[in-house]
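In: Kindly generate the corresponding structure for this input.
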Amino acid sequence: MNLSERLAGAMIMAWAVGASATTYYVDSREGDDARDGLSPATAWQSLNKANKASLKGGDRMLFRRGGLWRGELDLKSGEANARTYYGAYGTGPKPQFLGSVERNRPDDWFEVSPGIWSTRLEKGAAGDQVASREAVAKWSASFQNGVKGMCRTVTEKGETFLRVTCSEKPADARATSLQLWGGALTGLPPSLLLRFRVRGDFVPARVDALMPHPPYARSAEAALKVDEKPDAAGWRTAQALLFCNADAMGESAIHFNLGMLAKANGHLDLVCDGAWRFVPNERGVIGRDVGILIFGDGTAWGVKKWSAAELKDDRDYWYDEKNDRVLVKMGGNPARLYSSVELAKTMVVIPHRNKHDVTVEAFTVRYTGGFAFGGGGAQRVTVKNCDINFVGGGLQYWKPLGPDGQPRPVRYGNGIEYWSPASDCRVERCRFWQIYDAAVTPQQSTSTNGFDNIVFTDNVFWQCEYSYEYWNHATNSHSRGVHFVHNTSVDAGDCWSHSQRPNPNGAHLMSYRHVGEMANQTIRDNVFARSTDRGFRFFTDWRSALDMDYNLHYEPVNTLSESHARQGKAWKFGSGPEEFARYQKATGLDAHSIYALPQFVDPAKRDYRLKPGTPGAGAASDGTDMGARNMPGLDQDQSTCQSQL
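Out: Below you'll find the model as predicted:
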């Protein structure tokens, strides 16, 4: 077949895909889920309806500009030569996707004690039963790390129940040292009500739904609310309200971590009476840990605490999981003091776990205690022209022992995270600000796979704890072709979360331990200006795989570069041009890079383009400006500006 014949064949294939592709429209203000969704005039309205659509390769899902949706957007994969596309239509600001519930009305709050305000308890109703007692009650237990015991079905006085006994428990037992697994369930609804009866020497505090095989992905988790008063036989009723991820339609199992609660020579008796679909009322329950409490559209924020007793200063808040409410210290009704109050739930707003051949463009994703985008197994997923802000801060887990001998909470939250494996993914022309951890990050800890061709380019980051975090803890894995090029990072660490962290650690680049194969790594043509702690930090010396050059650096006060070198050579270089020259000579990195104060077009508007004729302009390795190219400030929509690429 000659070239003209191949081109003709490709054109016919493209025409065939385009001719059969469908475009769906979603309008939060004027849409109607009873319509067909096939035109702006017949657009759907809800995220729930959009998530149920069966997109195929080449199809598009467009959301009306100026619209707002709360919850999780379930992406549908495309095909290698025909991606699915999620984008915007109409005029106005980008469509917004929020992982929060609003509590903006004065009657959303009441004063429980002087200066302590609580959200009202929002309720709902149990719907149809989705799992019987028999379906759940196929129990098994896992005893690890020196915890010993047994799990068996017992019948006493006509009552059949599960009995878990713990015969031995070492002092260093972890939560996962004793795990209890129920029967596998499929097709979980978005909201699930579980009802139990418990008694014994220890009782569960939390329950979750996990994939019952590797990678044991979590579909949902919640606190177990246990009644204080037992019945005549010692049983206490308990229930948990789980909000399931959009991709939880696969297999899940009810699961408990009991290792820290179990007592040596103690036992737990348990009955699960079943699972029901839960229908929240119109205001919606909170249902998940609140990572950020955001006031006045980001003009102020709360400081997260872990009990009511810790609410001492203005805007200190605590998420009371058992009662599904937020308590906040404040001198008046929060909804009267601020124009808006948003409770950022710990969730992934747009999961890309195991998604492939998808492009997401021109969205605003904000107000979540978890991730804006996240998940492992992504292939050929592109995120472009999006704005991502006020992300993270939710509870990830409790460390068994802190410095004071008590359990310590670990918080988390990234803008866009690619968990291994991931390949051929791209983040371009996005803007990130106010992120708890990292704006963008590839991470892996146990996978034998790795990263292949991950690109972050022409993005702008400001006031994120880290702009770029990167680590690979898996010995048999690999990182091949991870590129951070033509990005602009300003004021790393100067964010809402910095002073709340147990380890304030602001940096443009945070590179933790790498033990897998590293090849073809690039940090090139970027602008790095100011940080609260250090410009960039290495825990492993991976210079042999790294092309780091043609960057513009400016670190006037804090450490420019530090390597702890748990593997390889250690170094530390301070601020200023003389230290930068020492760093270049000693490390061999950034040979053609510049140390200078960047001259931005309009920092007040977050327009971080370099002014013509100033340091870094026209000085990139490709002859263009260092940093993100043609990225306007917040007074303009970058998706409407022509890229230089």
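
In: Do you have the helices of this protein handy? List them.
Out: Ranges of helices in the chain, per DSSP state H, are 3-20, 47-52, 133-136, 334-337, 577-587.

In: May I see the buried residues of stretch 253-263?
Out: For stretch 253-263, burial by neighbour count (16 or more other CB atoms under 10 Å) applies to 253-262. (Glycine included, C-beta is placed from N, CA and C.)

In: whoops, stretch 56-71 was the one
Out: Residues 57-67, 69-71 are the ones in stretch 56-71 that count as buried (16+ other CB under 10 Å).

In: ditto for stretch 622-632
Out: Buried-residue list, stretch 622-632, by 16+ other CB under 10 Å: 624-629, 631-632.

In: Now it - C-alpha only, CSV.
Out: Provided in CSV are the C-alpha atoms of stretch 622-632 (Å, rounded to 0.1, in the frame of the first residue of the first chain):
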residue,chain,number,x,y,z
ASP,A,622,14.1,25.5,22.3
GLY,A,623,14.5,29.3,21.9
THR,A,624,11.1,30.2,23.5
ASP,A,625,10.6,31.7,26.9
MET,A,626,11.4,29.7,30.0
GLY,A,627,8.4,28.7,32.0
ALA,A,628,4.8,28.2,30.9
ARG,A,629,4.3,29.7,27.5
ASN,A,630,1.4,32.0,26.7
MET,A,631,-0.5,31.3,29.9
PRO,A,632,-2.6,34.3,30.9
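
In: So what's the model's average confidence on that stretch?
Out: For stretch 622-632, mean pLDDT rounds to 97.

In: residues in contact with it?
Out: 429, 431, 458-460, 486-488, 525-527, 550-552, 594, 598, 607-610, 616-620, 638, 641-645 (CB atoms under 8 Å, 6 or more residues apart in numbering).

In: Inside strands: which ones of the residues you listed?
Out: 431, 460, 488, 527, 552, 594, 607-610 (DSSP state E).

In: on that earlier part again, of the contacts of stretch 622-632, buried ones?
Out: Using 16+ other CB under 10 Å as the burial test, those include 429, 431, 458-460, 486-488, 525-527, 550-552, 594, 598, 607-610, 616-617, 619-620, 638 as buried.

In: picking up where we left off before, which two of the buried residues of stretch 253-263 have the greatest separation?
Out: Ala253 and Met260 (20.5 Å; CB to CB).

In: Point out where the stretch 151-300 of the chain drops to low pLDDT.
Out: The stretch 151-300 of the chain contains residues with pLDDT under 70 at 246-250, 281-282.

In: That one: strands as residue ranges?
Out: All strands of the stretch 151-300 of the chain, identified by DSSP state E, counting those that start in this stretch, fall at 159-168, 178-185, 191-200, 206-210, 218-223, 225-226, 236-243, 252-257, 266-280, 290-295, 300-301.

In: got the end-to-end distance for stretch 188-208?
Out: For stretch 188-208, the first-to-last residue distance is 12 Å (CA to CA, to the nearest Å).

In: Can you list the buried residues in it?
Out: Going by neighbour count (16+ other CB under 10 Å), the buried part of stretch 188-208 is 188-200, 202-208.

In: How far off centre is it?
Out: Relative to its chain's centre, stretch 188-208 lies at 25 Å (CA atoms, centre = their mean, to the nearest Å).

In: repeat for stretch 144-152
Out: Here stretch 144-152 is found 33 Å from its chain centre; the criterion is CA atoms, centre = their mean.

In: tell me which of the buried residues of stretch 56-71 is nearest to His478?
Out: Nearest to His478 out of these is Gly57 (CB to CB; 28.8 Å).

In: And the pLDDT for that closest one?
Out: At Gly57, the model reports a pLDDT of 96.

In: if I pick it, what's in contact with it?
Out: Contacts for Gly57 (CB under 8 Å, 6+ apart) come out as 17, 21, 78-79, 81-84, 357.

In: And the furthest pair within those?
Out: Spatially, the most separated pair among the contacts of Gly57 is Ala21 and Asp357, at 13.2 Å (CB to CB).

In: By mean pLDDT, flag the weakest helix or strand of this protein.
Out: Each helix and strand of the chain was given a mean pLDDT (mean pLDDT, DSSP states H and E); the minimum falls on helix 3-20 at a mean of 46.

In: any idea how far Arg411 is from Asp320?
Out: To Asp320, Arg411 is 17 Å away according to CB to CB, to the nearest Å.

In: Then Lys572?
Out: Per CB to CB, Lys572 is found 44 Å from Asp320.

In: Please say which of the two ends up with more neighbours.
Out: Asp320 (18 against 14; other CB atoms under 10 Å).

In: thought the more buried one was touching Ala308?
Out: Yes: counting by CB atoms under 8 Å, Asp320 does reach Ala308; the two are 7.3 Å apart.

In: hey, what's in contact with both of these two?
Out: Common neighbours of Asp320 and Ala308, using CB under 8 Å, 6+ apart, are Leu327.

In: anything in contact with each of Ala21 and Asp357?
Out: Common neighbours of Ala21 and Asp357 (CB under 8 Å, 6+ apart) are 57, 82.

In: Would you mind telling me which of the two has more residues around it?
Out: More neighbours surround Asp357 than the other of Ala21 and Asp357, with 20 against 17 (other CB under 10 Å).

In: Skipping its backbone neighbours, what lies nearest the more buried one in space?
Out: Excluding the flanking residues, the one nearest Asp357 by CB to CB, 6 or more residues apart in numbering is Gly78, at 3.7 Å.

In: got it, and Ala545?
Out: By the measure of CB to CB, 6+ apart, the closest residue to Ala545 outside its immediate chain neighbours is Met518, 3.8 Å from it.

In: So for stretch 408-419, first residue to last residue, what's the gap.
Out: Using CA to CA, the end-to-end distance of stretch 408-419 comes to 25 Å.

In: which of the residues in it are buried?
Out: Within stretch 408-419, the residues scored as buried using 16+ other CB under 10 Å are 409, 411-419.

In: can you tell me which two in these are farthest apart?
Out: Taking CB to CB, no two of the buried residues of stretch 408-419 sit farther apart than Pro409 and Tyr418, at 25.2 Å.

In: At the geometric centre of the chain, which residue do we find?
Out: Taking CA atoms, centre = their mean, the centroid of the chain lies closest to Phe371, which sits 1.6 Å from it.

In: now it: how far from Ile435?
Out: Distance of Phe371 to Ile435, computed by CB to CB: 10 Å.

In: what sits in contact with each of those two?
Out: Counting by CB under 8 Å, 6+ apart, the common neighbours of Phe371 and Ile435 are 391-392, 413-415.

In: Which residues are in contact with Phe97?
Out: Residues near Phe97 by CB under 8 Å, 6+ apart: 69-70, 73, 349-350, 363-366.

In: In the stretch 451-600 of the chain, where is pLDDT below threshold?
Out: Across the stretch 451-600 of the chain, the ranges flagged by pLDDT under 70 are 565-568.

In: Just the strands from it, written as ranges.
Out: 460-472, 478-485, 488-492, 507-514, 517-524, 527-531, 534-540, 546-549, 552-554, 559-567, 571-573, 594-595, 600-602.

In: nearest to Asn385, of these?
Out: strand 460-472 (11.6 Å).

In: so who does Arg429 touch?
Out: 384-385, 458-459, 628, 631, 638-639, 643.

In: change it to 7 Å
Out: By CB atoms under 7 Å, 6 or more residues apart in numbering, the contact set of Arg429 is 384-385, 458-459, 631, 638, 643.

In: try Tyr595
Out: Per CB under 7 Å, 6+ apart, neighbours of Tyr595: 553-554, 577, 580.

In: Among those residues, filter down to the buried ones and hand me the PyMOL syntax, if you would.
Out: In PyMOL, this line selects whichever of these come out buried by 16+ other CB under 10 Å:
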select buried, resi 553+554+580
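
In: will you turn the contacts of Tyr595 into a markdown table that also has distance to Phe143?
Out: Shown next, in a markdown table, are the contacts of Tyr595 (distance: CB to CB, whole Å):
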| residue | distance to Phe143 |
| --- | --- |
| His553 | 52 |
| Tyr554 | 55 |
| Pro577 | 60 |
| Phe580 | 55 |
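
In: That'll do, ta.
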